[in-house]
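J.: attaching a predicted model along with its sequence, questions to come.
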Amino acid sequence: MQVQEHRQQARWAPWWLYVIALLVTNQARTQLLQPDYLPFWLEVVIGAGSMALVATLVTVAWRAVRR
């Protein structure tokens, strides 16, 4: 039972990796895209999409390293 629990925990990166990656990419996104010139709905779509992409990339990288 402990082996299965350990495998499930190893599937996800530690929470702080997601936080750091999201903070860094959010800062880069806001500086590069100049959100003042974008409509609000487009900012929301880009923000949500970038957060999903970053979370996916962190998870994929974590699983590749942990194999």
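T.: Nice, I can see it. Numbering: from 1, shown residues only.
J.: show me where the chain dips below the pLDDT cut-off.
T.: 1-9, 35 (pLDDT under 70).
J.: and the helices in it, which stretches?
T.: All helices of the chain, identified by DSSP state H, fall at 2-10, 15-33, 40-66.
J.: using CSV, lay out those helices together with mean neighbour count.
T.: Bear in mind the C-beta positions are built from the backbone N, C-alpha and C, glycine included. Below are those laid out as CSV (neighbours: other C-beta atoms under 10 Å):
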stretch, mean neighbour count
helix 2-10, 9
helix 15-33, 12
helix 40-66, 12
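J.: what separates stretch 54-67 from the chain centre, distance-wise?
T.: Put simply, stretch 54-67 sits 10 Å off its chain's centre (C-alpha atoms, centre = their mean, to the nearest Å).
J.: do stretch 10-21 as well
T.: For stretch 10-21, the distance to the chain centre is 8 Å (C-alpha atoms, centre = their mean).
J.: look up how far residue 43 lies from residue 33.
T.: 8 Å (C-beta to C-beta, to the nearest Å).
J.: do the same with residue 54
T.: For residue 54, the distance to residue 43 - C-beta to C-beta - is 16 Å.
J.: please apply the same query to residue 60.
T.: On the measure of C-beta to C-beta, residue 60 and residue 43 end up 26 Å apart.
J.: same question, residue 17
T.: According to C-beta to C-beta, residue 17 and residue 43 sit 25 Å apart.
J.: same question for residue 27.
T.: Separation of residue 27 from residue 43 (C-beta to C-beta): 14 Å.
J.: got it, and residue 51?
T.: 12 Å.
J.: ok, residue 18 next?
T.: Residue 18 is 21 Å from residue 43, by C-beta to C-beta.
J.: try residue 61
T.: From residue 61 to residue 43 the distance is 26 Å (C-beta to C-beta).
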